[in-house]
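**Student:** Provided below are the primary sequence and the corresponding predicted coordinates.
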Amino acid sequence: MEPKYYLSSRPNKDKTYLIRLQAKWQGQRVVFTFGESVLKSDWNKKTGAVIIPGMKKTKEDVNDFNKRVEKLLALQDKLSALGDEAVKQYLNISSTGATPSAALLKTSLMLFMERYNVQGTGESDFYEMLNRFINGEIRREGKRLKHNTTKGYGTLKHHLSKFSDKRKYDITFQSINNLFYGKYLAFLEDEFNLGPNSIGKDIKNIKSVMNHGLDEGLHHNRAFQNKSFTKPKEKTSAVYLTMEELDQFYHFDLSGNKALERVRDVFIFMAHTGIRYSDRKRITKENIVNVDGEIMLVIKTQKVDSVVTVPLVQYCLSILEKYDGTLPLPISDQRFRIHLKEAGRLAGLTQTGRDPLQMDVPLYKLLGTHTGKRSFVTAYHESGVPLENLARMIGTTMKTLEGTYRKTSALDVARRSGSAMRAIHGRKAS
């Protein structure tokens with residue numbers, strides 16, 4: 001049984017035509033109308049589907065065109081949902097061993113359309129669902145969303161509100177489609193000057209809201225699942241500091257600028273413990289523990305929600321002593337990155353070629369909050385600490401370390417291989 005759509009033979013007074021669903025099986029036939037009509041120019045007779053017009057083919061006002069497209073997309077979603085329901089009900093009845101009757105199927109479709117028209121339009125539910133993510137009502141595997149995650153949904157709401165106001169685009173479950181996708185990406189680039197990775201976070205969160213609404217039966221719009229509705233992502237290099245560079249940075253005198261000195265010290269602490277900046281903000285004296293005479297950092301991490309234990313080397317102990325047993329008060333991520341880059345510049349971290357995507361950019365400009373953890377893993381592994389031990393210490397997986405934190409640039413590989421290559425040719429020459 002395969003439902004098909006066709007138009008009635010007689011037009012309505014507004015020159016639209018009523019859409020009919022027809023299904024045939026085992027000598028039975030059902031014809032179902034559900035109050036939707038369409039212009040013949042917006043209907044593909046061969047496929048029995050709505051035609052979505054392109055902007056290049058119309059001279060009408062942009063806002064009128066957008067509203068017409070939204071209406072047609074909503075109609076298309078309704079036809080798809082109704083057709084799926086017809087097949088679903090047919091299979092459900094058939095699975096009992098009975099032959100589905102036209103009357104029973106028609107009744108099932110009528111009940112479905114009543115539910116769809118009440119809750120499927122999504123005219124106000126998108127923001128309600130988004131608010132449930134923001135206030136922590138939505139859970140994953142029974143656990144509350146972390147603060148940084150709910151904060152991301154709050155940022156999305158701010159961006160969508162600005163977009164809706166300035167582009168005159170209503171945000172509903174039904175309006176999240178390819179037309180929205182293109183307009184929203186352009187808006188974020190132009191209005192907020194966001195890059196692909198930041199935009200990708202918004203798209204990822206939109207997909208989460210849409211998926212949850214779909215699961216709860218609040219809409220039937222699957223446009224967000226199209227291959228073209230993707231999360232933008234930009235390749236980033238995994239820059240890290242070597243043990244020699246960390247030592248150079250630590251010993252550089254920044255006492256003339258206390259703000260830079262504090263940021264440098266926090267970065268060095270991160271680079272010798274592998275903790276994230278989000279966890280660094282939560283370290284107190286209670287997290288510094290003496291275990292059989294060895295000083296350890298013991299803390300429950302925020303991102304992976306696990307307790308990690310890391311031995312503190314002399315660099316870290318000296319920094320803790322300098323700040324009365326703890327770390328300097330935290331500052332915003334943005335200020336931290338700005339100060340870190342300036343401290344790196346003053347300390348002479350000016351080598352270029354460390355980022356294959358930005359060969360002319362000096363090392364200090366590539367420093368960020370993630371550089372500390374990458375430096376910890378790479379520098380200590382190259383110094384002989386097994387990756388498995390590092391993974392267990394910082395509460396992550398071997399796959400993560402191999403795939404993310406141990407990437408090296410072509411220059412790093414060439415530099416480490418140079419001495420071995422020269423030694424080979426030296427033996428041949430002699």
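**Tutor:** Received, thanks.
**Student:** pull out the buried positions in stretch 14-30.
**Tutor:** 16-21, 23, 30 (16 or more other Cβ atoms under 10 Å). For glycine as for every other residue, the C-beta is placed from the backbone atoms N, C-alpha and C.
**Student:** let's have those residues in CSV, adding pLDDT and secondary structure.
**Tutor:** Converted to CSV, those look like this (pLDDT from 0 to 100; DSSP: H, G, I helix; E, B strand; the rest coil):
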residue, pLDDT, secondary structure
16, 91, coil
17, 92, strand
18, 91, strand
19, 93, strand
20, 92, strand
21, 92, strand
23, 90, strand
30, 88, strand
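**Student:** any low-confidence regions in the stretch 51-200 of the chain?
**Tutor:** Applying pLDDT under 70 to the stretch 51-200 of the chain flags residues 54-63, 117-124.
**Student:** pLDDT weak spots in the stretch 301-430 of the chain?
**Tutor:** 303-305, 402-420, 422-423, 425-430.
**Student:** try 80
**Tutor:** 302-306, 355-358, 395-430 (pLDDT under 80).
**Student:** that one: helices as residue ranges?
**Tutor:** 314-322, 333-346, 371-382, 387-394, 398-400, 410-429 (DSSP state H, counting those that start in this stretch).
**Student:** what sits up against the third one?
**Tutor:** This means helix 371-382. 238-243, 246, 267, 269-277, 387, 390, 394, 401, 405-406, 408 (Cβ atoms under 8 Å, 6 or more residues apart in numbering).
**Student:** give the buried subset of those as a PyMOL selection command.
**Tutor:** Here is the PyMOL command that selects the buried residues among the contacts of helix 371-382 (16+ other Cβ under 10 Å):
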select buried, resi 238+239+240+241+242+246+267+269+270+271+272+273+274+275+276+277+390+394+401+405+406+408
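**Student:** tell me the most buried of the helices of the stretch 301-430 of the chain?
**Tutor:** Neighbour counts (mean count of other Cβ atoms under 10 Å) averaged over each of the helices of the stretch 301-430 of the chain peak at helix 371-382, with a mean of 22.
**Student:** tell me where the stretch 51-200 of the chain has strands.
**Tutor:** For the stretch 51-200 of the chain, the strands defined by DSSP state E, counting those that start in this stretch occupy 139-140, 143-144.
**Student:** pull up the pairing partners for the first one, direction included.
**Tutor:** Strand 139-140 has the following strand partners under DSSP bridges: strand 143-144 (antiparallel).
**Student:** please name the nearest non-neighbouring residue to residue 239.
**Tutor:** Computed as Cβ to Cβ, 6 or more residues apart in numbering, the closest residue to residue 239 that is not its neighbour in sequence is residue 366, at 4.4 Å.
**Student:** cool, and residue 75?
**Tutor:** Using Cβ to Cβ, 6+ apart, the closest residue to residue 75 is residue 50 (5.5 Å).
**Student:** separation between residue 350 and residue 79?
**Tutor:** 62 Å (Cβ to Cβ, to the nearest Å).
**Student:** same question but for residue 154, I mixed them up
**Tutor:** 36 Å.
**Student:** with neighbour numbers in mind, choose between residue 350 and residue 79.
**Tutor:** Using other Cβ atoms under 10 Å as the criterion, residue 350 and residue 79 rank with residue 79 on top: 21 against 11.
**Student:** for the nearest residue to that one once chain neighbours are set aside, helix, strand, or coil?
**Tutor:** Spatial nearest neighbour of residue 79, chain neighbours left out: residue 5 (6.1 Å); criterion: Cβ to Cβ, 6+ apart. Three-state assignment for residue 5 (DSSP: H, G, I helix; E, B strand; the rest coil): strand.
**Student:** who does residue 5 bridge with?
**Tutor:** residue 21.
**Student:** surely it is in contact with residue 23?
**Tutor:** No: counting by Cβ atoms under 8 Å, residue 5 stays clear of residue 23, with 10.3 Å between them.
**Student:** and the residue nearest to residue 109 when sequence neighbours are not counted, how many residues sit next to it?
**Tutor:** In space, residue 109 comes closest to residue 32 once its chain neighbours are excluded; the distance is 5.2 Å by Cβ to Cβ, 6+ apart. If you count neighbours by other Cβ under 10 Å, residue 32 ends up with 19.
**Student:** cool, residue 128 as well?
**Tutor:** So residue 128, with other Cβ under 10 Å, has 12 neighbours.
**Student:** what about it, distance to residue 70?
**Tutor:** Counting by Cβ to Cβ - residue 128 and residue 70 are separated by 19 Å.
**Student:** ok, now residue 247?
**Tutor:** Residue 247 is 60 Å from residue 70, by Cβ to Cβ.
**Student:** ok, now residue 370?
**Tutor:** 40 Å.
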